[in-house]
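*Asks:* give me coordinates for this.
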Amino acid sequence: MDALECILTRRSVRQFDSNKKITHSEIEELLKAASYAPSAHNKQPWQFLVIEDKEIIKGFRQIQPWTSFAKDASCVIIICADTEVAFHREKEDEQWSFADIDRVRIGYIPTGSSNDMARDLQLPKDPLVILEQILACREPLKMDLGCLTYESISDQMSRQHSRELTRKRYFAVSAGIGYDAAVCEEALASKFKNVLNKIGLGKLTYLTIALKQLITTPKVTCEILLDEKTKIHLPKFLFVAGMIHKYEGGGFKFCPAADFQDGKLNICVVGNISKWLVLFALPTAFPGKHYRFEGIDHYTAEKLSIHTSAPLWVHTDGEVSMKSDAITITCEKEKIQLLK
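*Replies:* A predicted model of the protein is given here:
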């Protein structure tokens, strides 16, 4: 029986064969399976008490009447919580930590309109097929994790920003500042995006807003620092994206050489190029041929620092919180364990 069949055919048992004796090896196997349950910060604050004495089992109903159906069971396992070991927040507003994210196995079923990570991983389009793969996976795929830090924060917040604003945000696919983030910010607040998504035309939202933002985006200078060594000055720029996967924005292959296991950011810089030339360059980004245009450049680094002459929108995996004029993006090697 595979995992999916086990889930779909699960039953709640209320009658037991009093002549059936479960072996100690079977009990140990059950306890091992139970110990794989997730827990906050992987503290595993549990203790298992195995009761095989029939008189003790029958006596449980004096404490809890709803346990009377267990009187004929071969054994009873009592799960106890160790409150001293369990994770506790020291403060009410303390954020959950990503420090132990590499100890968590993640299943991913794409449901959005862009699905850029699914495209790079070449996942099937049928969600049920993906679910079966997740449940059958024994060895997770290791992937890099990106981290963006706001070195400065402006007063201007996104229309869809979360209530909990933090200086550090993590991402799986890409993070960027400038034009692409401005498109994301407006698209997230668009009244028509959800409607178009339902009829499979969600990308039209981004296309319309992308053309509008291209016309209205301000001229801003940019200073880039790669791995604390290489400095790049841009007298004007459209956007800078630090990417772990090849695709961004619903299929744009901005970083065709990106490797999600090499511990490095692939960086796409759209700098000293006219807005109207961008109209010709953007379609070539779908197959990843945009670097033929002068002013569009590619770099790799483990750490990317960006300073702009004015605060601009910043995004992490398409989510926009606020504007900033100074950010740092880093890559943490093989931090994600993906069931695939």
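*Asks:* skipping its backbone neighbours, what lies nearest residue 224 in space?
*Replies:* Distances taken as C-beta to C-beta, 6 or more residues apart in numbering place residue 232 nearest to residue 224, at 4.0 Å, with adjacent residues excluded. C-betas here are computed from N, CA, C, even on glycine.
*Asks:* tell me the contacts of that neighbour?
*Replies:* Residue 232 sits next to 223-226, 269, 299 when contact means C-beta atoms under 8 Å, 6 or more residues apart in numbering.
*Asks:* in a strand, it, correct?
*Replies:* Yes. Assessed with DSSP: H, G, I helix; E, B strand; the rest coil, residue 232 lies in a strand.
*Asks:* so where do the strands sit in the protein?
*Replies:* 46-51, 76-81, 105-107, 141-150, 168-171, 174-178, 222-226, 230-234, 239-243, 265-270, 296-301, 303-316, 319-339 (DSSP state E).
*Asks:* partners of the shortest one in the sheet?
*Replies:* Put plainly, it is strand 105-107. strand 319-339 (parallel) (DSSP bridges).
*Asks:* and the partner strand, which residues are buried?
*Replies:* For strand 319-339, the neighbour count (16 or more other C-beta atoms under 10 Å) marks 319-332, 335-339 as buried.
*Asks:* ok, stretch 126-134 next?
*Replies:* Under 16+ other C-beta under 10 Å, the buried positions of stretch 126-134 are 130, 134.
*Asks:* and stretch 240-252, by the same measure?
*Replies:* Residues of stretch 240-252 classed as buried: 240-250, 252 (neighbour count, 16+ other C-beta under 10 Å).
*Asks:* low pLDDT regions in the stretch 201-340 of the chain?
*Replies:* 201-206 (pLDDT under 70).
*Asks:* surely residue 312 touches residue 324?
*Replies:* Yes. Counting by C-beta atoms under 8 Å, residue 312 does reach residue 324; the two are 7.2 Å apart.
*Asks:* quick one: contacts for residue 302?
*Replies:* Contacts of residue 302 by C-beta under 8 Å, 6+ apart are 227, 263-265, 330-331.
*Asks:* give me the most central residue, the chain.
*Replies:* The chain has residue 172 as the residue nearest its centroid, 5.2 Å off, counting by C-alpha atoms, centre = their mean.
*Asks:* quick check: that one vs residue 148, distance?
*Replies:* Relative to residue 148, residue 172 is positioned 12 Å away (criterion: C-beta to C-beta, to the nearest Å).
*Asks:* next: residue 188.
*Replies:* 17 Å.
*Asks:* more neighbours: which of the two?
*Replies:* Legend: neighbour count by other C-beta atoms under 10 Å for residue 188 and residue 148, higher for residue 148 (25 against 17).
*Asks:* tally of neighbours for the spatially closest residue to that one that is not a sequence neighbour?
*Replies:* Spatial nearest neighbour of residue 148, excluding adjacent residues (C-beta to C-beta, 6+ apart): residue 175 at 4.5 Å. Residue crowding around residue 175 was assessed by other C-beta under 10 Å; the count is 30.
*Asks:* list the contacts for residue 281?
*Replies:* Residue 281 is in contact with 270, 273, 290, 293, 296, counting by C-beta under 8 Å, 6+ apart.
*Asks:* list the contacts for the third one?
*Replies:* For residue 290, the contacting residues are 254, 281-282, 284, 296, by C-beta under 8 Å, 6+ apart.
*Asks:* possible to save those as a markdown table with distance to residue 10?
*Replies:* Output for the contacts of residue 290, formatted as a markdown table (distance: C-beta to C-beta, whole Å):
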| residue | distance to residue 10 |
| --- | --- |
| 254 | 44 |
| 281 | 54 |
| 282 | 50 |
| 284 | 51 |
| 296 | 54 |
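*Asks:* closest one of those to residue 15?
*Replies:* Checking the contacts of residue 290 against residue 15 by C-beta to C-beta gives residue 254 as the nearest, at 60.5 Å.
*Asks:* how about the nearest residue to that closest one, chain neighbours excluded?
*Replies:* Of all residues not flanking residue 254 in the chain, residue 268 sits nearest, at 4.3 Å (C-beta to C-beta, 6+ apart).
*Asks:* close enough to count as contact, that neighbour and residue 295?
*Replies:* No. Here residue 268 does not reach residue 295: they are 11.8 Å apart, not a contact under C-beta under 8 Å.
*Asks:* who has more neighbours out of the two?
*Replies:* Neighbours were counted for residue 268 and for residue 295 using other C-beta under 10 Å; residue 268 has more, 26 against 17.
*Asks:* which strand residues bridge that one?
*Replies:* Here residue 268, judged by DSSP bridges, has bridge partners residue 241, residue 298.
*Asks:* next, count neighbours for residue 69.
*Replies:* Around residue 69 there are 13 other residues, counting by other C-beta under 10 Å.
*Asks:* thanks a lot, catch you later.
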